[in-house]
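S.K.: Provide a 3D model corresponding to the input given below.
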Amino acid sequence: MKAFVLAAGFGERLRPLTETIPKPLVPVAGVPVICYALAMLKEAGINDIICNVHYRPDDVMDFFKRNGNFGMQVAFSPEEQILGTGGGLMKCRKFFGDDDFVIINSDIISDLHLSSVIEDHRSGCHPGTIVVCPWKGTGPAPVAVEGDRVVDFKRALGRDVQPAFDYMGIAVLSPLIFRYLSPEFSSVVYTGFTSLITDHSLGYHVHDSVWEDMGTMENLRAADEFLLSTGRHIPERVKRVLGAVDL
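M.R.: Okay, the predicted model is just below:
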């Protein structure tokens, strides 16, 4: 199985930090945040990945080169114009061939064991399986589920089901997803996931443990504090899987 790592974003909500460093390389507990995603993949036996890059792409590619690609097979998909999650994935279509694959954001931290998600996906009957966690934020939750499937995202489909989960930025997908993607700028959620829900089905895997999203400076500070104290086993796990990281 191969994986698509989303690493092209600007990290606008992390400015001014991201004026000099791309978001995937922002350190959290002394480890570049992208390493948390890479460790999850490698631990699950996924060593063949492609990363899309746009903002400060040379910084990202040089980081991989300095670290010997962490013993993985790494390809890059440069985007002259940023394509979003949907267009970015569509641009890499040939890389995945006819096999299922993982898509993962490069700015998330979790103690998730990805192998359990892959097992769920393979034992299920859905062309896609997303990872969700119970909603703990304020306001309405983004993801609504019913039975063994996702039925709505941010009420885009108008389903009469109360949302109760958040999407963690991780999914296992069939190549069927490409039927619904466009090469233009787009969101994989609203062009791909919602189409799977409407025309087929979309499964989900609940992870009720650690998940941190580095979307804002507040989130970054909270994650850093957590990982340096009670959550220190997570960066330790990353270093154990990837080895020493050359910043």
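
S.K.: what's the longest strand anywhere in the chain packed up against?
M.R.: The strand spanning the most residues in the chain, taking DSSP state E as the definition, is strand 165-173. Packing partners of strand 165-173 (3 or more C-beta pairs under 8 Å, 6 or more residues apart in numbering; DSSP states H and E): strand 101-105, strand 108-110, helix 114-123, strand 128-134, strand 143-146, strand 211-213. (C-beta placed from N, C-alpha, C; glycine too.)

S.K.: repeat that for 6 Å
M.R.: Where contact means 3 or more C-beta pairs under 6 Å, 6 or more residues apart in numbering; DSSP states H and E, strand 165-173 is packed against strand 101-105, helix 114-123, strand 128-134.

S.K.: which stretches in the protein count as helices?
M.R.: 34-43, 57-66, 84-91, 93-96, 114-123, 188, 194-199, 217-227, 233-242 (DSSP state H).

S.K.: so which of those gets nearest residue 140?
M.R.: helix 194-199 (16.7 Å; C-beta to C-beta).

S.K.: for that closest one, which residues meet the burial criterion?
M.R.: Neighbour-count burial for helix 194-199 flags 194, 195, 196, 197 (criterion: 16 or more other C-beta atoms under 10 Å).

S.K.: what's the answer for stretch 178-198, then?
M.R.: Quick answer for stretch 178-198 (16+ other C-beta under 10 Å): 180-181, 186, 188-197.

S.K.: before we move on, what about stretch 126-143?
M.R.: Buried residues in stretch 126-143 (16+ other C-beta under 10 Å): 126, 127, 128, 129, 130, 131, 132, 133, 141, 142, 143.

S.K.: can I assume the first one is in contact with residue 203?
M.R.: This means residue 126. Yes: look at residue 126 against residue 203 with C-beta atoms under 6 Å: they come within range, at 3.6 Å.

S.K.: identify the farthest-apart pair in the buried residues of stretch 178-198.
M.R.: Counting by C-beta to C-beta, the most remote pair of the buried residues of stretch 178-198 is 186 and 197, 16.2 Å apart.

S.K.: state the pLDDT value of residue 210.
M.R.: Looking at residue 210, its pLDDT is 93.

S.K.: next: residue 247.
M.R.: For residue 247, pLDDT reads 64.

S.K.: I'd like to know which of the helices and strands packed on strand 165-173 lies nearest to residue 83.
M.R.: Comparing these by C-beta to C-beta, strand 101-105 comes nearest, at 13.7 Å.

S.K.: buried residues in stretch 45-56, which are they?
M.R.: Buried-residue list, stretch 45-56, by 16+ other C-beta under 10 Å: 46, 47, 49, 50, 51, 52, 53, 54, 55, 56.

S.K.: got the end-to-end distance for it?
M.R.: 29 Å (C-alpha to C-alpha, to the nearest Å).

S.K.: just checking, what packs against the helix or strand of the chain with the lowest mean pLDDT?
M.R.: Lowest mean confidence among the helices and strands of the chain (mean pLDDT, DSSP states H and E): strand 211-213, at a mean of 86. When contacts are defined as 3+ C-beta pairs under 6 Å, 6+ apart, strand 211-213 sits against strand 108-110.

S.K.: same thing but at 10 Å, please
M.R.: Here strand 211-213 touches strand 108-110, strand 128-134, strand 165-173, helix 217-227, going by 3 or more C-beta pairs under 10 Å, 6 or more residues apart in numbering; DSSP states H and E.

S.K.: which parts of the longest strand of the chain are buried?
M.R.: Buried-residue list, strand 165-173, by 16+ other C-beta under 10 Å: 165, 166, 167, 168, 169, 170, 171, 172, 173.

S.K.: what mean pLDDT does it get?
M.R.: Strand 165-173 comes out at a mean pLDDT of 97.

S.K.: what's near enough to touch the residue lying farthest from the centre of the chain?
M.R.: In the chain, the residue that sits farthest from the middle, by C-alpha atoms, centre = their mean, is residue 160; the gap is 27.6 Å. Counting by C-beta atoms under 10 Å, 6 or more residues apart in numbering, residue 160 makes contact with 144, 146, 151, 152.

S.K.: thanks a lot, see you next time.
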